[in-house]
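Engineer: what's the 3D shape of this:
(2 chains)
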Amino acid sequence: MSTPYAKLPAWADYGLIPVINLAVAFVVAGFVVLLVGENPFRAAVVLVEGAFGRGQGIAFTLFYATTFIFSGLSVAVAAHCGLFNIGGEGQGYIAGLGIGIICLAFDSVLPWWLTFPLAIVAAAAMGALWALIPAYLQAKRGSHIVITTIMFNFIAASVMVYALVGFLKPAISMAPQTRTFLDGAQLPKLNWVIELFGAKIRSAPFNISFLLALAMAFLVWVLIWRTRLGYEMRTYGHSSKAARYAGISETRIIIIAMMISGALAGMMALNPTMGDQHNVALEFVSGAGFVGIAVALMGRLHPVGIVLAAILFGMLYQGGAELAFEMPAISRDMIVIIQGLVILFAGALEHMFRPYVQALFASLSPKSVGIEAIKGKGA
Amino acid sequence: MDLFNAIIQVLDSTIRLSVPLLLACLAGLYSERAGIFDIGLEGKMLVGAFAGAASASVFHSAYIGLGMAILISVAFALVHGFASITHRGNQIVSGVAINFIAAGSTIMLGQAWFQQGGRTPALASDERFGAIIWPGADAVRGVPILGPIYSELISGHSVLVYVAFLAVPFTWWVLFRTRFGLRVRAVGENPAAVDTAGISVAWLRYRALICTGVLTGIAGAYLSMVQNGGFVKDMTAGKGYIALAALIFAKWKPVNAMFACLLFGFLDALSIRLQGTPLPLIGKVPVQLMQALPYILTVILLAGFIGKAIPPRAGGVPYVKER
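Structural biologist: Coordinates of the predicted model:
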């Protein structure tokens, strides 16, 4: 029982099992839809059509996906190092402070393509800084990173309220948000890319930070699987003892991994602020940091999987909005339930169906799960 | 006398505000002592609050409401157990999932069933837990000092408040003076030893989680049926996490938990009371700082600057029986 599960072929491990878990999550979600007296099949059709039916829907889906790619990558980088960064929400939120300061300072003087890199640096730095303290406390003082990052989410919320009702908002305004950014801090839209394929888009906030998200996904792949640092992180994640024995500094690797994770979480703030609302407002992250957990689990911590899972969740957000419009009994909170179910079935219960899948594979072709090889050796 | 009355008022609201924290904190105590991390206190409280208020308004009975709150909350605790005990899933991931499912389903079902934007109908007074006036409370109100303390602080709370504070010695007794409690503590420290003694680790942990579910259910019922006359969406507003913070602050001990919750409740009451008024010596304290203080204190404690918080040793690790 020490190694409870035999190996499955890679495609089953990375493809089949997530799909089964996802399917179960959706079946349970279907029961919730039944419970409020709607037809789950019609709901599914409305959801998919709302997300991909028209160019407008696709643009919104990709807009939401942009944020989730960042937050998913953030969770994944920490997870490869064996750390559970549940603080993406707070790291993203506090990054809004950096973005706000940069944008308010430079939007009247610099063009967007100069403000944007500055804002990226500011957002990443704030996010990394917010992850640094929990990381330091984990590495040096042994306090549990999950608890400290949760606490930092709340502290970030308080800091942001303080900043937004205080120095960030214009003095004459009552609303706790910054003034609207000028052209110098508004990211160009990417809607024309979708329009190339013949779709018409009225207005959608799909913007250039999507490209940044894709670039980051590639960089995370390079980092984790093609660099020495990534190797050290994965080693530490698999076995902290082995890492220590190999001479990897525990403190250094925890702090670096968490700061990268925090920087990625910080960058997710660019999309809703500079890309969409053109201001920094209260609660602008609105749970995207937590969605990252579901996205990372769904994508099996691999950047390609994360991009796909982020698009899936983008689809749920966009389709869910359409669904709430079409079916009054279903509100947008349906997405929150689906997220929870995905986290439950793809995360906490990820091994639930594995024995059955293994039994199936073993009966179909024993070689595929390596049973024959073991028998051969034993005999 | 004005100052005295103000103090009494702040202390009175301290008690009211710390009750849900205390119940949730004790709930977390059972599960964490048994070696199961529970980030899902927040979610379980939320479903408890919803189930309580919804069934109280449908069946017109506060006690049916309380019963349903406990039942649904225990059901969620069992889901957590199913994932983290039976299937050895990641306990934190499972807790996060429960919080999400709770947050989404309470709003959606509330909207679908009552059509009031995620609220449940306002509860009539016989559908809530009313205040219990202790004998002689009105008579002694006029007595200086002791009168207001008796009539405001001790008397005049709902039954759930007294349940919460009685749960503290009861929990202490269960954990430190009963066989079950000894085993719960043992399974949180060294499950293999418990297993060797021929006691089922899984069943013990499930029972601890049922205790957790009962207490979070009561905490939820308190929020929606005592503090508030009905369910409002996201009404737990992070209380589950503050309870978690209090649990760490209390170093996983029941009596300490009560003091930690009273402290956090006091900070909350004070921040409401002091909104905008300057303090002597310090000047005007931003209300956000007061709100963040429980979290900051917990981080400082966790960092080991105020004593050291050592969690149960087997916490968060699924138990794998060696064959």
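
Engineer: pull the longest helix from the chain.
Structural biologist: In the absence of a named chain, chain A is used. Longest helix in chain A by number of residues (criterion: DSSP state H): helix A:112-141.

Engineer: my question was about chain B, not that one.
Structural biologist: Assigned via DSSP H, chain B shows its longest helix as helix B:2-33.

Engineer: the longest helix of chain A - contacts with which helices or strands?
Structural biologist: Under the contact definition 3 or more CB pairs under 8 Å, 6 or more residues apart in numbering or on different chains; DSSP states H and E, helix A:112-141 sits against helix A:88-106, helix A:145-165, helix A:250-267, helix A:270, helix B:287-302. Where C-beta positions appear, they are placed from N, C-alpha and C, glycine not excepted.

Engineer: and residue 195, what does it touch?
Structural biologist: I'll assume chain A. The contact partners of A:E195, by CB atoms under 8 Å, 6 or more residues apart in numbering or on different chains, come to A:G55, A:I201.

Engineer: think we crossed wires, I meant chain B
Structural biologist: B:V201, B:Y319, B:K321.

Engineer: so is it in a helix, a strand, or just coil?
Structural biologist: Classification of B:D195 by DSSP: H, G, I helix; E, B strand; the rest coil places it in helix.

Engineer: please tell me how far it sits from chain A.
Structural biologist: 12 Å (CB to the nearest CB, to the nearest Å).

Engineer: pick the most buried one from the helices and strands packed on helix A:112-141.
Structural biologist: When you average the neighbours per residue for each of the helices and strands packed on helix A:112-141 (mean count of other CB atoms under 10 Å in any protein chain shown), helix A:270 leads with a mean of 29.

Engineer: can you pull the contacts of A:G37?
Structural biologist: A:A329, B:A112.

Engineer: and what of A:Q277?
Structural biologist: Counting by CB under 8 Å, 6+ apart, A:Q277 has contacts A:F284.

Engineer: what pLDDT does it get?
Structural biologist: With respect to pLDDT, A:Q277 scores 88.

Engineer: ok, the one 10 residues further on next?
Structural biologist: For A:G287, the model assigns a pLDDT of 84.

Engineer: hmm, A:G88 and it touching each other?
Structural biologist: No: counting by CB atoms under 8 Å, A:G287 does not reach A:G88; the two are 10.2 Å apart.

Engineer: from chain A, how far out is B:P286?
Structural biologist: To chain A, B:P286 is 6 Å away according to CB to the nearest CB.

Engineer: and for B:L182?
Structural biologist: Going from B:L182 to chain A by CB to the nearest CB gives 25 Å.

Engineer: dump the helices and strands packed on helix A:112-141 into TSV; add distance to A:L137 as well.
Structural biologist: Below are those laid out as TSV (distance: least, CB to CB, whole Å):
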stretch	distance to A:L137
helix A:88-106	15
helix A:145-165	6
helix A:250-267	10
helix A:270	27
helix B:287-302	7
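
Engineer: kindly export stretch A:186-196 (C-alpha atoms) in CSV.
Structural biologist: Output of stretch A:186-196 as CSV, limited to C-alpha atoms (Å, rounded to 0.1, in the frame of the first residue of the first chain):
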residue,chain,number,x,y,z
GLN,A,186,-5.5,51.7,-21.5
LEU,A,187,-4.4,48.5,-23.1
PRO,A,188,-5.2,48.0,-26.8
LYS,A,189,-7.9,45.5,-27.5
LEU,A,190,-7.3,42.3,-29.4
ASN,A,191,-10.9,42.0,-30.7
TRP,A,192,-9.6,42.5,-34.3
VAL,A,193,-7.9,39.1,-34.1
ILE,A,194,-11.3,37.4,-33.7
GLU,A,195,-12.8,39.7,-36.3
LEU,A,196,-10.3,38.4,-38.8
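
Engineer: the longest helix of chain B and chain A in contact?
Structural biologist: No: in terms of CB under 8 Å from any CB of the partner chain, no part of helix B:2-33 sits within range of chain A; the closest distance is 11.1 Å.

Engineer: got the buried residues for that helix?
Structural biologist: For helix B:2-33, a neighbour-count test (16 or more other CB atoms under 10 Å in any protein chain shown) marks B:8, B:11-33 as buried.

Engineer: next: stretch B:232-242.
Structural biologist: Residues of stretch B:232-242 classed as buried: B:V232, B:K233, B:M235, B:T236, B:G238, B:K239, B:G240, B:Y241, B:I242 (neighbour count, 16+ other CB under 10 Å).

Engineer: contacts for it, please.
Structural biologist: A:150-151, A:154, B:20-21, B:24, B:40-46, B:49, B:99, B:103, B:106-107, B:110, B:117-119, B:216, B:219-220, B:223-224, B:228, B:264, B:294-295.

Engineer: let's see that with 7 Å instead.
Structural biologist: Outside of stretch B:232-242, the residues within contact range by CB atoms under 7 Å, 6 or more residues apart in numbering or on different chains are A:150, A:154, B:20-21, B:24, B:41-42, B:45-46, B:49, B:103, B:106-107, B:118-119, B:223-224, B:228, B:264, B:294.

Engineer: now do the same end-to-end measure for that stretch.
Structural biologist: By CA to CA, to the nearest Å, the extent of stretch B:232-242 from end to end equals 19 Å.

Engineer: once you drop chain neighbours, what's closest to residue 110?
Structural biologist: Looking at chain A here, since you left the chain open. A:G184 (5.3 Å; CB to CB, 6 or more residues apart in numbering or on different chains).

Engineer: try chain B instead
Structural biologist: Once flanking residues are discounted, B:G110 sits nearest to B:G118: 4.7 Å by CB to CB, 6+ apart.

Engineer: which SS state does that neighbour fall under?
Structural biologist: The three-state label given to B:G118 by three-state DSSP is coil.

Engineer: quick one on the thing from earlier: can you list the helices and strands packed on helix A:112-141 in JSON lines and add distance to A:A44 and mean pLDDT?
Structural biologist: Listed next are the helices and strands packed on helix A:112-141 as JSON lines, based on distance: least, CB to CB, whole Å; pLDDT from 0 to 100:
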{"stretch": "helix A:88-106", "distance to A:A44": "29", "mean pLDDT": "93"}
{"stretch": "helix A:145-165", "distance to A:A44": "33", "mean pLDDT": "90"}
{"stretch": "helix A:250-267", "distance to A:A44": "31", "mean pLDDT": "95"}
{"stretch": "helix A:270", "distance to A:A44": "32", "mean pLDDT": "93"}
{"stretch": "helix B:287-302", "distance to A:A44": "40", "mean pLDDT": "81"}
